[in-house]
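Enquirer: For reference, the sequence and a predicted model appear below.
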Amino acid sequence: MQRAPTFLAATVVPPPAPFDPNRMHSVPDGTGSAGLAGSVGPTQPMEFDMHVRPLLLAALITLCPGQRLCFANAQDAQTSPALASAATERNKATARRVYEEGLSQGRFEVPYSPGFVGHGRNATFSHAEGMAEARGWRSAFPDLLVDVDLILAEGDLVSVRWTARGTNTGNGNGLVATGKPVVVSGTTVFRFESGAIAEEWTSGDSLGLLRQLGLFPAGNPGATAAK
């Protein structure tokens, strides 16, 4: 989990351009000394905006060339767009690991949120059920390799277009070994929460898989039945 930005560690810039001292007024501060105009009392809002606010901002940030706000700790105090971009890239990398490490290598180490919900074609599934199915595919296709063909992200969503290749030399997910090679493509959309997968919608070419394995007749079902 990332730490909150360390804003107070920012480098202090030189004070803002000098202002007209004639505009300063003596404001009692309870000790007999005079305060900066507008620093106390409700009667000087304009002076507060002109002088106190720039000083407060100068204590927190440094105005760098190109009008960028720079902080002493660049990793902890990035701008909001930069943080969003980093989170998006992290989510994309995690989604890619589902296929390149999990399904292709059997290394199921991707983080999932405790309340994960998966959405299949006709039903939802839990994380445990999803992992069982993934291991079932690895059992039915020991040489399974899944390539990420396309990956897109927006906000907390990542969409992956994938292609799976393998030879059905084992048993798993209700399939018995046929020795036949298959190539199947599909699309999965992941939703992330704090870097973990919280929800998933997946769709693959199940019909094409069965046809390649010889478990479903190819062509026109009516014509096949008539023969």
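Expert: Received the coordinates, thanks.
Enquirer: secondary structure element for the closest residue to residue 207 other than its chain neighbours?
Expert: Here the nearest residue to residue 207 in space, its sequence neighbours aside, is residue 216; by CB to CB, 6 or more residues apart in numbering that works out to 6.5 Å. (C-beta placed from N, C-alpha, C; glycine too.) When elements are assigned from DSSP states H and E, residue 216 belongs to no helix and no strand.
Enquirer: Residue 216: how many residues sit nearby?
Expert: 13 (other CB atoms under 10 Å).
Enquirer: Double-check it against residue 208; I have them as touching.
Expert: No - counting by CB atoms under 8 Å, no contact exists between residue 216 and residue 208, whose distance comes to 9.1 Å.
Enquirer: residue contacts, residue 95?
Expert: By CB atoms under 8 Å, 6 or more residues apart in numbering, residue 95 lies in contact with 151, 158, 160, 188, 190, 197.
Enquirer: mind running it again at 6 Å?
Expert: If a contact means CB atoms under 6 Å, 6 or more residues apart in numbering, then residue 95 has 158, 160, 190 as its contacts.
Enquirer: Closest to residue 114 out of those residues?
Expert: Proximity of these to residue 114, judged by CB to CB, is greatest for residue 190, which lies at 16.0 Å.
Enquirer: if we can go back for a sec, I'd like the contacts of residue 95 laid out as JSON lines, including neighbour count, pLDDT and secondary structure.
Expert: Conversion of the contacts of residue 95 to JSON lines gives the following (neighbours: other CB atoms under 10 Å; pLDDT from 0 to 100; DSSP: H, G, I helix; E, B strand; the rest coil):
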{"residue": "158", "neighbour count": "24", "pLDDT": "98", "secondary structure": "strand"}
{"residue": "160", "neighbour count": "22", "pLDDT": "98", "secondary structure": "strand"}
{"residue": "190", "neighbour count": "24", "pLDDT": "98", "secondary structure": "strand"}
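Enquirer: Closest to residue 139 out of those residues?
Expert: For the contacts of residue 95, the minimum distance to residue 139 (CB to CB) is 22.6 Å, reached by residue 160.
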